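Novice: fold the following, please.
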Amino acid sequence: MTFYILFLIFLALTFDFLNGFHDSANSIATIVSTRVLSPRYAVIWAAFFNFIAFLFFGLHVANTIGKGIIDIAIVDQHVIFGTLIGACGWNIITWYFGLPTSSSHALIGGMIGSALLKAGPTALVWKGILKTVSFIFISPVVGLILGLGIGIAVHWIFRRATPSKVDHIFRKGQLISAACYSLGHGGNDAQKTMGIIASLLFSAGLLGGKFHIPFWVVIACHTAIALGTMFGGWRIVKTMGQKVAKLRPIDGFCAETGAAITLFFSSMAGIPVSTTHTITGAIMGIGSLKRVSAVRWGIAGTIVWAWILTIPCAATISALAYLLVS
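Specialist: Got it, this is the predicted structure:
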């Protein structure tokens, strides 16, 4: 491997670390805001399940990112550089402003920006892009419906239980739901970086004639995202845990379970969805169960605008980075 390829692998793992750092708020916000775990133990809990997620999921999402967004034939080291700078840059900007945006869509925007500048629209794999973009809207809606539906079912089942008993049960239950959500987060998000590194290695002729994901790439990506989660994106915890809707342990359990189910199915289907969008939708769903006004829709509107801007903004940063190095 050349020094440039090693540098790009390091940059990709840096993005993966930032992904965990940025998205750790999604994994721990509900369990911290309901005071089931302290922030320190919550990030350790989430990071552990981020890391072991490779034992439970295939590599369908990694293959989608690797060859289903842009034509792998036009990928070179400069395209990967632009992609990663675009994704990392937008992640840092949105972290600074405390916006829970999608690292996944920042990465996809980065790929689109550098590919467009290199080869034009023909470089884009529209089927994969449209499927991914459609889930910007589908995943939060599914998360909302599941969060709301699970909330209705759980509240009905425990309608005669005392508040103290419900709180006791779901403080333990939230440990399980947070673990499942972190598994889904690691299983979907770590694979996106795997796809980028595999594309880089394939374009450099280091994978032979067939695209695949080496095992060392799998371990490296899960390690990076777990370490990022441990360091935590504290600016976003407050937005997710309290600004969108006030949560109790039973609410956190329902939101995390709804989001986890969405992530499990999307990972198995090879769809690179946003864990941020999914958990935000689920929190809105369980928040609206109390009353519609319980959800701070103004904050939710700001978050949605940040989602819409993610792909074009990351693509712009990526295109500028590609232009600089090429």
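Novice: could I get the full set of helices for the stretch 201-326 of the chain?
Specialist: 215-231, 234-238, 249-268, 275-290, 297-325 (DSSP state H, counting those that start in this stretch).
Novice: now the second one: average pLDDT?
Specialist: Across helix 234-238, pLDDT averages out at 52.
Novice: avg pLDDT for stretch 250-257?
Specialist: 87.
Novice: what does it contact?
Specialist: 30-31, 33-34, 36, 146-147, 150-151, 154-155, 158, 166-167, 170, 173-174, 177-178, 180-181, 245, 247, 279, 282-283, 285-287, 289 (CB atoms under 8 Å, 6 or more residues apart in numbering). Every residue, glycine included, has its C-beta placed from N, CA and C.
Novice: got the buried residues for it?
Specialist: Neighbour counts over stretch 250-257 (16 or more other CB atoms under 10 Å) mark 250, 251, 252, 253, 254, 255, 256, 257 as buried.
Novice: and the gap between residue 47 and residue 217?
Specialist: Separation of residue 47 from residue 217 (CB to CB, to the nearest Å) stands at 19 Å.
Novice: ok, now residue 37?
Specialist: Counting by CB to CB - residue 37 and residue 217 are separated by 31 Å.
Novice: please apply the same query to residue 33.
Specialist: Residue 33 is 35 Å from residue 217, by CB to CB.
Novice: and if you look at residue 318?
Specialist: From residue 318 to residue 217 the distance is 22 Å (CB to CB).
Novice: over to residue 194?
Specialist: Following CB to CB, the distance that separates residue 194 from residue 217 is 5 Å.
Novice: ok, residue 77 next?
Specialist: Taken as CB to CB, the span from residue 77 to residue 217 is 16 Å.
Novice: same question, residue 264
Specialist: Distance from residue 264 to residue 217, by CB to CB: 22 Å.
Novice: between the two, who's got more neighbours?
Specialist: Applying other CB atoms under 10 Å to residue 264 and residue 217 shows that residue 217 carries more neighbours, namely 24 against 18.
Novice: does that one touch residue 195 like I think?
Specialist: No. Applying CB atoms under 8 Å as the test, residue 217 and residue 195 come out as separate, 9.4 Å apart.
Novice: just for the stretch 51-200 of the chain, where's the confidence low?
Specialist: Low-confidence segments of the stretch 51-200 of the chain (pLDDT under 70): 100.
Novice: which parts of it are helices?
Specialist: 60-67, 77-96, 103-119, 126-157, 163-203.
Novice: possible to save those as JSON lines with distance to residue 225 and mean neighbour count?
Specialist: As requested, these are arranged in JSON lines below (distance: least, CB to CB, whole Å; neighbours: other CB atoms under 10 Å):
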{"stretch": "helix 60-67", "distance to residue 225": "13", "mean neighbour count": "23"}
{"stretch": "helix 77-96", "distance to residue 225": "13", "mean neighbour count": "24"}
{"stretch": "helix 103-119", "distance to residue 225": "10", "mean neighbour count": "27"}
{"stretch": "helix 126-157", "distance to residue 225": "19", "mean neighbour count": "18"}
{"stretch": "helix 163-203", "distance to residue 225": "5", "mean neighbour count": "23"}
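Novice: for residue 314, which of those helices is the nearest?
Specialist: Residue 314 lies closest to helix 103-119 among the helices of the stretch 51-200 of the chain, at 3.2 Å (CB to CB).
Novice: that closest one: how far from the chain's middle?
Specialist: Helix 103-119 has its C-alpha centroid displaced from the chain centroid by 16 Å (CA atoms, centre = their mean, to the nearest Å).
Novice: that one - contacts with which helices or strands?
Specialist: helix 3-33, helix 60-67, helix 77-96, helix 126-157, helix 163-203, helix 297-325 (3 or more CB pairs under 8 Å, 6 or more residues apart in numbering; DSSP states H and E).
Novice: among those, which is nearest residue 43?
Specialist: Closest of the helices and strands packed on helix 103-119 to residue 43 is helix 3-33, at 5.9 Å (criterion: CB to CB).
Novice: how far is that closest one from where the chain is centred?
Specialist: 10 Å.
Novice: quick one: mean pLDDT over that helix.
Specialist: Mean predicted lDDT for helix 3-33 stands at 84.
Novice: elements contacting that helix?
Specialist: By 3+ CB pairs under 8 Å, 6+ apart, helix 3-33 packs against helix 39-51, helix 77-96, helix 103-119, helix 163-203, helix 215-231, helix 234-238, helix 249-268, helix 275-290.
Novice: of all those helices, which lies closest to residue 325?
Specialist: helix 77-96 (5.1 Å).
Novice: just the CA coordinates of the closest one, formatted as PDB?
Specialist: These are the backbone C-alpha positions of helix 77-96, laid out as PDB (Å, rounded to 0.1, in the frame of the first residue of the first chain):
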ATOM      1  CA  GLN A  77      -8.000   7.900  -4.300                       C
ATOM      2  CA  HIS A  78      -9.000  11.600  -5.000                       C
ATOM      3  CA  VAL A  79     -12.700  10.600  -5.100                       C
ATOM      4  CA  ILE A  80     -12.400   8.900  -1.700                       C
ATOM      5  CA  PHE A  81     -10.500  11.900  -0.300                       C
ATOM      6  CA  GLY A  82     -13.200  14.300  -1.400                       C
ATOM      7  CA  THR A  83     -15.900  11.900   0.000                       C
ATOM      8  CA  LEU A  84     -14.300  11.700   3.400                       C
ATOM      9  CA  ILE A  85     -13.500  15.400   3.700                       C
ATOM     10  CA  GLY A  86     -17.100  16.200   2.800                       C
ATOM     11  CA  ALA A  87     -18.600  13.800   5.300                       C
ATOM     12  CA  CYS A  88     -16.200  14.700   8.100                       C
ATOM     13  CA  GLY A  89     -16.600  18.400   7.500                       C
ATOM     14  CA  TRP A  90     -20.400  18.300   7.700                       C
ATOM     15  CA  ASN A  91     -20.300  16.100  10.700                       C
ATOM     16  CA  ILE A  92     -18.100  18.500  12.600                       C
ATOM     17  CA  ILE A  93     -20.200  21.500  11.600                       C
ATOM     18  CA  THR A  94     -23.500  19.900  12.700                       C
ATOM     19  CA  TRP A  95     -21.900  18.600  15.900                       C
ATOM     20  CA  TYR A  96     -20.800  22.200  16.800                       C
END
